[in-house]
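Colleague: Predicted coordinates and the sequence they were generated for:
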Amino acid sequence: MKPSRSFVALTMSTMLLLPVGIAVTAPAAHAAHRGVVGEQPVQWTPHVLDGTVKDILRIGNTVLVGGEFTRVAEVGGDEHTLRNLFAFEHGTGRIIRDFEPDVSAMVTSLAPGPDDSVVVGGRFTAVDGKPSRGLARLSLADGGPVREFGAVLDDGATNRLATDGARLYVGGNFTGVSGAERTGLARLDLRTGEVDRNFAPRLAEPRRGSLRVQELALSPDGRRLAINGTFTKVDDKNRYQIAMIDTAGAFVTPWSTSAYEAPCDYERIHTYMRQMAFSPDGSYFAVVTGGGPKVKPGLCKSTSRFENTDRPDSQPTWSNKTGGDSLYSVEVTESAVYVGGHQRWMDNEKGELNPGPGSVEREGIGAVDPRTGRALAWNPGRARGHGAEALHATSDGLYVGSDTERLAGEYHARLGMFPLA
């Protein structure tokens, strides 16, 4: 399971005893992954026949897929109408027909909930025909909303969720949650959705457009929350597009970087920051970025490693640039930093929409050595399209979600899984 958007990884059957006394069944463990996944996808994942996949989450043997789509089919099976969210069985690809919530619009993020449930975030305003703006907790048994969870956004949408097993972090472009003023970032009780009144970091002075949290990532121990977005100040401290929050004290930490101050996008993009993920041991985190159509100085269209410290003015331990193509998703295991987007190359620091000296071809997906920052040999390829926006490591492989149909030279419509070799 992905540490940045879920709680500390334990085995699938383990119960987490949390500080507030809530016992929550853990999802499948984040594996040791002592090696890189194979280049040949499994043959049993369902096909998403239209739209795009935005997030994937495995809870036990159930795999949840969220995005913006309407049609899904099992391999060699019938087509089903499933809007924006569906579930299937890990290992067989069997679509779970008891889980068929009607989500009115795009699902952007998924997080495990208590009592065999999943928290869903996105741009929707209703679930099963009832108002539920941007947030919902759904039962895995029947897909229905869990009544005790009452959180709704006052406006806007959710971009990313993360949980430590008791508390839910919500990032997006909203100004309030359930009537409590919160600009782009909130912490809720995972079970009830009640807003945590003691957690209210102040985001301010957007570089462009309105204030928003684009992405967030929670450390495996739950003590630090990395956030990125349009803000340039947090708690009156300079934090240009990225910051680190101490979750116990609910304040911005001394960690900072000027690495993302370069204006490497264009007027329509509010922020070029994209996904982040912590390493399984929490010692570092990786950040990927997009950007505008031109190659400019700075860390746009790159993946970078930052150490998890309290050091002001930190610089990346390493950066790997594509030479002009955006990256959208990142997942970190012990052996690799996997990245997805619509890139054509990696190791392409001197490229300008062409393969520069030392570059390697990596069509739409790649893997980077966590120590050196150089591309690993892993190179299955995928049809680029807009890009792969969902990567999710499980105990036995790596799920990939996108908006295209070719993965490793085969037909795998918008969804696939690379098993551990």
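Modeller: Happy to help now that I have it. Numbering: from 1, shown residues only.
Colleague: quick one: A250 from N198, how far?
Modeller: Separation of A250 from N198 (Cβ to Cβ, to the nearest Å): 6 Å. (Each C-beta comes from the backbone N, C-alpha and C, glycine too.)
Colleague: For the residue of the chain most remote from its centre, which non-adjacent residue is spatially closest?
Modeller: Distance from the centre of the chain peaks at P357, with 31.4 Å (Cα atoms, centre = their mean). Distances taken as Cβ to Cβ, 6 or more residues apart in numbering put K350 closest to P357, at 5.6 Å, once the chain neighbours are dropped.
Colleague: So between A250 and N198, which is more surrounded?
Modeller: A250 (15 against 8; other Cβ atoms under 10 Å).
Colleague: so what's the spatially closest residue to that one that is not a sequence neighbour up against?
Modeller: Nearest non-adjacent residue to A250, counting by Cβ to Cβ, 6+ apart: F199, 4.5 Å away. By Cβ atoms under 8 Å, 6 or more residues apart in numbering, the residues touching F199 are A186, R187, T247, A250.
Colleague: run the last query once more with 10 Å
Modeller: Contact analysis of F199 by Cβ atoms under 10 Å, 6 or more residues apart in numbering lists 167, 169, 182, 185-188, 225, 245, 247, 249-251.
Colleague: and those residues, which are buried?
Modeller: If you count burial by 16 or more other Cβ atoms under 10 Å, the buried members of the contacts of F199 come out as R167, Y169, R182, L185, A186, R187, L188, L225, I245, T247.
Colleague: rewinding a little: the residue farthest from the centre of the chain in helix, strand or coil?
Modeller: On the three-state scheme (DSSP: H, G, I helix; E, B strand; the rest coil), P357 is labelled coil.
Colleague: Do I have it right that it meets W345?
Modeller: No - at 11.2 Å, P357 does not count as touching W345 under the criterion of Cβ atoms under 10 Å.
Colleague: hmm, back to that, turn the buried ones among the contacts of F199 into JSON lines, columns for distance to P101.
Modeller: Converted to JSON lines, the buried ones among the contacts of F199 look like this (distance: Cβ to Cβ, whole Å):
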{"residue": "R167", "distance to P101": "24"}
{"residue": "Y169", "distance to P101": "22"}
{"residue": "R182", "distance to P101": "25"}
{"residue": "L185", "distance to P101": "26"}
{"residue": "A186", "distance to P101": "23"}
{"residue": "R187", "distance to P101": "25"}
{"residue": "L188", "distance to P101": "20"}
{"residue": "L225", "distance to P101": "28"}
{"residue": "I245", "distance to P101": "31"}
{"residue": "T247", "distance to P101": "30"}
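Colleague: quick check, nearest of those to A377?
Modeller: L225 (33.8 Å; Cβ to Cβ).
Colleague: That closest one should be in a strand, yeah?
Modeller: Yes - the assignment for L225 is a strand, going by three-state DSSP.
Colleague: on that earlier part again, overlap of the contact sets of P357 and W345?
Modeller: Counting by Cβ under 10 Å, 6+ apart, the contacts common to P357 and W345 are G351.
Colleague: show me where the stretch 251-400 of the chain has strands.
Modeller: Remark: strands assigned in the stretch 251-400 of the chain by DSSP state E, counting those that start in this stretch are 251-252, 273-278, 284-289, 302-307, 318-321, 327-332, 337-341, 345-346, 360-361, 365-368, 390-394, 397-401.
Colleague: Just tell me which of those strands ends up closest to P220.
Modeller: Of these, nearest to P220 by Cβ to Cβ is strand 273-278, at 6.1 Å.
Colleague: and the gap between N308 and L153?
Modeller: 30 Å.
Colleague: Between these two, tell me which one has more neighbours.
Modeller: A direct count of neighbours by other Cβ under 10 Å for N308 and L153 places L153 higher, at 23 against 20.
Colleague: With adjacent residues omitted, what lies nearest to the more buried one?
Modeller: L153 sits nearest to G134 (Cβ to Cβ, 6+ apart), 3.6 Å away.
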